[in-house]
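Just a sequence and a predicted model for now, questions to come.
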Amino acid sequence: MILKKIWEQLNVKEQCKKYGLSIWQCPQFLFLVMGVIIIIIIIVSYLIAARRIYDPMTAGLIIIISTTILMIIDYIIVHSFERLAESTRMKMEFIGIVSHQLRSPVTNLKYTVESLMSGGGGETQKEQLDYLTILKKNVDRVQELIDDILVVSRIQTGVLNLKKKDFSMIDLVEETVAEVKPISLASNITISLKKGNNIPSVFSDPFWIKQAFKNLLDNAIRYQIGKGTIDILLEKRGKSLYLEVKDSGVGIPKADQKYIFQKFFRAKNVLKKQTSGTGLGLFIVKGVIEKLDGKINFTSKENKGSTFWFSLPLK
């Protein structure tokens, strides 16, 4: 039992997986790195002491004292990191559990409201229908928030279920555009798609790629004020497949651009216009693309629009 616990502590890969951290952020790995540094310092200290201090007992005592101090500092720092990592893991697990527990009643509430709106509970008066419509919109917003929080939890704990396979990016893009087209037309927004030549299939997860692309499209529609355009570009660039979404919306103020991929962040100009949103969409998009070994970035100018793009590696 004791040997098993020691092995679990020494198994850096499993410990990093437990906390949902990269190896360079993992307390156990940092402990090993600092241990190597301490050994190097001890050797250097011994070599210096051997040349400068002629009494072997004094030299040895200095090395023992310095080593002890370094080991204590090492333990305190790593133990603090470990407690912080454990706290983060427990927080994400708590968020995941609460979100799962909320999902079922919210879904039931949504179906009940939709049933009442469609006359499932008898004839509905206009005033009642108006109230039900408001209720449905709020239920949809809560469900969207719960879904986003669950995805964020999976990304941060490293348990995002990826199922990679070969698929046509052209088909995925065209299918997604067709799904959002009714919303774009209702918002007086024109979507155009430009495709490059000889676009190969891509080996990735089509479900999560679609979620990321749809999120960018939803943002492009949501943050457009009045009539506008969305231009989509799909092409092969070197050893990557490149997808770009360019809109003519409100844009992102320069001061806010460095925070745009953070959780729950929303630009000041968006808040002023009272546009709906959870502030998690772009965090999710970035997390998904990076989990799939892709790259994501953007350019934006306030009141002129934004261009978000991501690239995925080809085989």
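That came through, no problem.

can we go C-alpha only for contacts and neighbour counts from here?
OK.

Where do the helices of the chain begin and end?
2-10, 12-19, 27-52, 56-117, 126-157, 169-186, 206-222, 268-272, 281-291 (DSSP state H).

least reliable of these going by mean pLDDT?
Ranked by mean pLDDT, those end with helix 2-10 at the bottom, a mean of 50.

these two touch, right, D256 and A267?
Yes. With contacts counted by Cα atoms under 8 Å, D256 reaches A267, the gap being 5.9 Å.

quick one: which of the two has more around it?
Neighbours were counted for D256 and for A267 using other Cα atoms under 10 Å; A267 has more, 17 against 13.

who touches the more buried one in this structure?
By Cα atoms under 8 Å, 6 or more residues apart in numbering, the residues touching A267 are 252-253, 256, 260.

Next: P313.
202, 239-241, 293-294.

Against L217, how distant is I252?
Distance, I252 to L217, by Cα to Cα, to the nearest Å: 16 Å.

nope, D293 is what I meant
For D293, the distance to L217 - Cα to Cα - is 21 Å.

Name the residue in these two with the higher neighbour count.
Remark: of D293 and L217, L217 carries more neighbours, 23 against 11, as counted by other Cα under 10 Å.

before we move on, back to that, could you work out the most separated pair of the contacts of A267?
Maximum pairwise distance among the contacts of A267 (Cα to Cα): 10.1 Å, between P253 and I260.

these two touch, right, S240 and S311?
Yes. Counting by Cα under 8 Å, S311 is a contact partner of S240 at 5.9 Å.

what about the two, which has more around it?
Comparing S240 with S311 by other Cα under 10 Å, the one with more neighbours is S311, at 23 against 18.

quick one, what contacts the more buried one?
240-243, 294-296 are the contacts of S311 under Cα under 8 Å, 6+ apart.

With adjacent residues omitted, what lies nearest to it?
Once flanking residues are discounted, S311 sits nearest to Y242: 4.4 Å by Cα to Cα, 6 or more residues apart in numbering.

what residues does stretch 159-172 touch?
Contacts to stretch 159-172, defined as Cα under 8 Å, 6+ apart, come from residues 20, 151, 154, 195, 199-206, 208, 210, 234.

change it to 7 Å
154, 201-205, 210 (Cα atoms under 7 Å, 6 or more residues apart in numbering).

Need the distance between the two termini of that stretch.
Span of stretch 159-172 from end to end, Cα to Cα: 24 Å.

Could you list the buried residues of that stretch?
Neighbour-count burial for stretch 159-172 flags 160, 169, 172 (criterion: 16 or more other Cα atoms under 10 Å).

about what we covered before: which ones among the contacts of P313 map onto strands?
If you go by DSSP state E, the contacts of P313 have 202, 240-241 in strands.

so where is the stretch 201-315 of the chain shaky, pLDDT-wise?
Applying pLDDT under 70 to the stretch 201-315 of the chain picks out residues 269-277.

redo that, cut-off 90
219, 222-227, 238, 249-250, 253-256, 259, 261-281, 302-304, 314-315 (pLDDT under 90).

what number of residues lie near the closest residue to S300 other than its chain neighbours?
Spatial nearest neighbour of S300, chain neighbours left out: S306 (4.1 Å); criterion: Cα to Cα, 6+ apart. Neighbour count for S306, taken as other Cα under 10 Å: 22.

about what we covered before: which member of the contacts of A267 is positioned nearest L116?
I260 (39.3 Å).

now that closest one: how far from V285?
Counting by Cα to Cα - I260 and V285 are separated by 11 Å.

now L61
For L61, the distance to V285 - Cα to Cα - is 56 Å.

between the two, who's got more neighbours?
Remark: of L61 and V285, V285 carries more neighbours, 23 against 11, as counted by other Cα under 10 Å.

who are the neighbours in contact with the more buried one?
V285 is in contact with A212, counting by Cα under 7 Å, 6+ apart.

how much space between it and K110?
26 Å.

With K301 instead?
Per Cα to Cα, K301 is found 38 Å from K110.

Also D293?
36 Å.

Also Y75?
For Y75, the distance to K110 - Cα to Cα - is 51 Å.

Quick check on these two: which one has the bigger neighbour count.
Each of Y75 and K110 has its neighbours counted (other Cα under 10 Å); K110 has more, 18 against 14.

The more buried one against R141, yeah?
No. Using Cα atoms under 7 Å, K110 makes no contact with R141, being 10.8 Å away.

hang on, the earlier thing: just the buried members of the contacts of A267?
Among those, those classed as buried by 16+ other Cα under 10 Å are 252-253, 260.

Let's have those residues in a markdown table, adding distance to I69.
A markdown table is the format used below for the buried ones among the contacts of A267 (distance: Cα to Cα, whole Å):
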| residue | distance to I69 |
| --- | --- |
| I252 | 50 |
| P253 | 49 |
| I260 | 43 |
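
ok, so of those, who is nearest M34?
I260 (34.3 Å).
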